[in-house]
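# need a 3D model of the following:
(6 chains)
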There are 6 protein chains.
Amino acid sequence: MYSLNVREHFMIAHSFRGEIFGPAQRLHGATYVVDATFRRAELDADGLVVDIGRAGEVLRSILGALNYRNLDDEPAFSGENTTTEYLARAIHDRIVRAARAGDLGEGARGLSSLCVTLHESHVAWASYEAGLEE
Amino acid sequence: MYSLNVREHFMIAHSFRGEIFGPAQRLHGATYVVDATFRRAELDADGLVVDIGRAGEVLRSILGALNYRNLDDEPAFSGENTTTEYLARAIHDRIVRAARAGDLGEGARGLSSLCVTLHESHVAWASYEAGLEE
Amino acid sequence: MYSLNVREHFMIAHSFRGEIFGPAQRLHGATYVVDATFRRAELDADGLVVDIGRAGEVLRSILGALNYRNLDDEPAFSGENTTTEYLARAIHDRIVRAARAGDLGEGARGLSSLCVTLHESHVAWASYEAGLEE
Amino acid sequence: MYSLNVREHFMIAHSFRGEIFGPAQRLHGATYVVDATFRRAELDADGLVVDIGRAGEVLRSILGALNYRNLDDEPAFSGENTTTEYLARAIHDRIVRAARAGDLGEGARGLSSLCVTLHESHVAWASYEAGLEE
Amino acid sequence: MYSLNVREHFMIAHSFRGEIFGPAQRLHGATYVVDATFRRAELDADGLVVDIGRAGEVLRSILGALNYRNLDDEPAFSGENTTTEYLARAIHDRIVRAARAGDLGEGARGLSSLCVTLHESHVAWASYEAGLEE
Amino acid sequence: MYSLNVREHFMIAHSFRGEIFGPAQRLHGATYVVDATFRRAELDADGLVVDIGRAGEVLRSILGALNYRNLDDEPAFSGENTTTEYLARAIHDRIVRAARAGDLGEGARGLSSLCVTLHESHVAWASYEAGLEE
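Model (predicted):
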């Protein structure tokens, strides 16, 4: 299995609902350094997992729509606790949608899975991985 | 599959028995930077893999019992070579025991596996991963 | 010159005023991974720059008062743009105050300077360094 | 499953053929920081995944044959785009060959798989993982 | 003293002349992860060392002119060994020129010095630091 | 001012004397990842701060004499608390001695200072920097 990873970051405000979150129930924020790891069994005709230029553009575009925002005000996350693991899944789903729309190029149809990891500090991170098959 | 990782470290002395270890047969030591990575298929009702606060406390408590010690003198490791990979398994088993005792909270019953990684330097690490199902 | 560094982090929301900040004028947030680097010309009688346990406690205490907060609501920062470089100075000043109050122990009186660095992502950081002499 | 990782690096020149590579069609180069991650279900009699000393020697030897070279001139890669993912596979195959030749010692016969990761910058990496069974 | 750092990377081929370089006399290459660290005594009116957006653009523009190239063919480096330390100075000088041309904005006139660091691997880096005063 | 850095590591056991050290008074150990940073005002005739190959060899040789040892048994450190900052100085002095003995080559006579940093974990490090002039 081959993997290829690109990294970008975004910075947001949010708060959590539920006693389990303690002081994180207050409005606070985070920098998330995001790794998008694409996997496939065999390389495409150019010797690639995915066009790294397009992969970076797709990731930047998706994170750009979240960057410098208060997630508590984003309709897409209404009623949700935007935990690190929840956001990993949300960004995963958006990249999958972009791949299916052809934004990663034709070669991306051979991708088998995608793992999205959000590093929230030097000591904590969360990720979501799932298959890309339609 | 979702993953959540917390990081802590501990510092120990030990020695190894067996020619394969060369100079590491002498009493020496290591800093181990430990990653505990919890995995589960679906998030709990709070949108979490595991309560990160509790996960950190459990990891600190388990590493605290090893920190600033000479592992050659620890009854738990008597007769064992406390290699990095051996210690990854030992710490894995202790976290699993804590999870089963409820120390990670009720939500932790949904965890499917745990990976424990010990970084012994900037160029070497070892890990142990296994299912958490009882 | 000797230096000793301890690292902690905190997570906040804030916004900036001024066109130069572009989209960062919106309410957003950041994780700051903080390095506090203490310097002195000669080690103390115990062979230390500073008691690393106390240094960590002081840093955790100062960052704890900011952690999980919206800095736009903090009276201490009223009317200020809490940029990374501004916050590096603010945290620097609080550590200096703690050192002068004796929170780092008697040995800390020999410290000559302090550098505080805030890492806001994998590609950007800011710091403030100044002498500790009274 | 146990894993053990060793890290080394090498520095090469190369160019790519195909419009998808844009400016990387020009002769350029890269530093690759390489992680070789060995996996097995049970530790050997010494409590090891693999002899870390031998693993490091094998990795250094294989990378040494590529280091400070222009890959466009290497017969082994003739007609190939030596992308990061392609090189991860090529190095993987060379380590597997060395393992089968006994260069990792007898214990290495219990290895179940190998993952080779090439970090090409602070924001991009690629890897190849496959079983080691003969 | 305040500092602000931005990070980017570029990938080049080159070779060295002189026996001291051993196998690096052959055509090879490197990824350089570049840190540009701007320093000044007092923050500007916006609470900044320098506009981080402009600083990133200037760095990207300067590295873009070197990226994906064979430095042996660049007239600017004709007859020079483009060692890591030499390149740190060359990039430093180009940033200083851009600052003096106003590319970093008016506020940049208050900058006192600049340090440029090139990381060539996980174990080696070089830097050049000098004052920015005209 | 130019700087060039090389990185290596060593692993030791030791204990500390004095109540201030708390549990670290017990026999324990550490991995130290060591950065040796050489500085000089002007590059030598080859465009170098120092021959990086020789610098690495000198550092490996000095750390090799400490590696896999119990520092409590080393005559060189008799009666000393081998704290991270103390060891940074001890290694600094050994590199300076090697430089003066010519182990870094003739070019090394132009070095102006040396900083030695010991990273003891992902959250703590200490360093010692001093001039190299005879």
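# now residue A:17. Nearest residue, chain neighbours left out?
residue A:81 (6.2 Å; CB to CB, 6 or more residues apart in numbering or on different chains). C-beta: built from backbone N, CA, C; applies to glycine.
# verify the stated contact: the one you found with residue A:20.
No - if you go by CB atoms under 8 Å, residue A:81 and residue A:20 don't touch, sitting 9.6 Å apart.
# list the contacts of residue A:64.
residue A:10 (CB atoms under 8 Å, 6 or more residues apart in numbering or on different chains).
# can you tell me how far it sits from chain F?
30 Å (CB to the nearest CB, to the nearest Å).
# now do that residue, the pLDDT please.
Note on residue A:64: pLDDT of 98.
# over to it: give its phi and psi.
Here is the backbone geometry of residue A:64 (degrees, to the nearest 10): phi -60, psi -30.
# residues of chain A that sit close to chain D?
Neighbours of chain D within chain A, by CB under 8 Å from any CB of the partner chain: A:1-8, A:43, A:46-49, A:51-53, A:105.
# so for residue A:81 and residue A:20, which sits in the more crowded spot?
Set residue A:81 next to residue A:20 and count neighbours by other CB atoms under 10 Å in any protein chain shown: residue A:81 wins out with 23 against 20.
# circling back: where do the contact lists of residue A:81 and residue A:20 overlap?
If you check residue A:81 and residue A:20 against CB under 8 Å, 6+ apart, the residues they both contact are residue B:46.
# let me know the pLDDT of the residue nearest to residue A:48 when sequence neighbours are not counted.
Of all residues not flanking residue A:48 in the chain, residue D:83 sits nearest, at 5.9 Å (CB to CB, 6+ apart). Residue D:83 carries a pLDDT score of 98 in this model.
# same question for the one 10 residues further on.
As predicted, residue D:93 sits at a pLDDT of 98.
# what residues are up against it?
Taking CB under 8 Å, 6+ apart as the definition, residue D:93 has no contacts.
# give me the phi and psi for it.
According to degrees, to the nearest 10, residue D:93 has phi -60, psi -40.
# my guess is residue A:56 meets residue A:8, correct?
Yes - when contacts are counted by CB under 8 Å, residue A:56 is listed as touching residue A:8 (7.2 Å).
# compare neighbour counts for those two and give me the winner.
Remark: of residue A:56 and residue A:8, residue A:8 carries more neighbours, 21 against 16, as counted by other CB under 10 Å.
# where do the strands sit along chain A?
A:2-14, A:28-40, A:69-70, A:113-119, A:124-131 (DSSP state E).
# find the nearest non-adjacent residue to residue A:53, please.
That would be residue D:22: by CB to CB, 6+ apart, it lies 6.8 Å from residue A:53.
# now do the one you found, the pLDDT please.
At residue D:22, pLDDT is 97.
# please state the offset of stretch A:93-109 from the chain centre?
Chain-centre distance of stretch A:93-109: 13 Å, with CA atoms, centre = their mean, to the nearest Å.
# hang on, I meant stretch A:117-134
7 Å.
# okay, it in CSV with CA atoms only?
Output of stretch A:117-134 as CSV, limited to C-alpha atoms (Å, rounded to 0.1, in the frame of the first residue of the first chain):
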residue,chain,number,x,y,z
THR,A,117,-5.1,14.0,11.1
LEU,A,118,-5.4,17.2,13.1
HIS,A,119,-2.6,18.1,15.5
GLU,A,120,-4.0,20.4,18.1
SER,A,121,-0.7,20.8,20.1
HIS,A,122,2.7,19.2,20.5
VAL,A,123,1.1,16.5,22.7
ALA,A,124,-2.3,15.8,21.2
TRP,A,125,-3.8,14.9,17.8
ALA,A,126,-6.8,13.1,16.4
SER,A,127,-7.5,11.4,13.0
TYR,A,128,-10.2,9.8,10.9
GLU,A,129,-9.5,7.2,8.3
ALA,A,130,-12.0,5.5,5.9
GLY,A,131,-12.1,4.0,2.4
LEU,A,132,-12.6,6.2,-0.6
GLU,A,133,-14.5,3.7,-2.7
GLU,A,134,-17.8,5.0,-4.0
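# what about it and chain E, any contact?
No - Stretch A:117-134 is not in contact with chain E by CB under 8 Å from any CB; minimum separation 15.3 Å.
# near chain C at all, that stretch?
Yes - Stretch A:117-134 lies within reach of chain C by CB under 8 Å from any CB, at A:119-123.
# what would the strands of chain A look like in TSV with mean pLDDT and distance to residue D:132?
Output for these, formatted as TSV (pLDDT from 0 to 100; distance: least, CB to CB, whole Å):
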stretch	mean pLDDT	distance to residue D:132
strand A:2-14	98	17
strand A:28-40	98	19
strand A:69-70	98	46
strand A:113-119	98	22
strand A:124-131	98	23
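# tell me which of those sits nearest to residue F:29.
Of all the strands of chain A, strand A:124-131 sits nearest to residue F:29, with 26.3 Å by CB to CB.
# what sits closest to residue A:123 if chain neighbours are left out?
Closest to residue A:123 by CB to CB, 6+ apart is residue B:7, at 4.0 Å.
# what's the burial count for the one you found?
Counted with other CB under 10 Å, the neighbours of residue B:7 add up to 20.
# one more: residue A:101?
Residue A:101 is flanked by 9 other residues according to other CB under 10 Å.
# wait, what's in contact with the closest residue to residue A:60 other than its chain neighbours?
Leaving out its chain neighbours, the residue that sits closest to residue A:60 by CB to CB, 6+ apart is residue A:8, at 5.6 Å. Neighbour list for residue A:8: A:33-34, A:56, A:59-60, A:63, D:123 [criterion: CB under 8 Å, 6+ apart].
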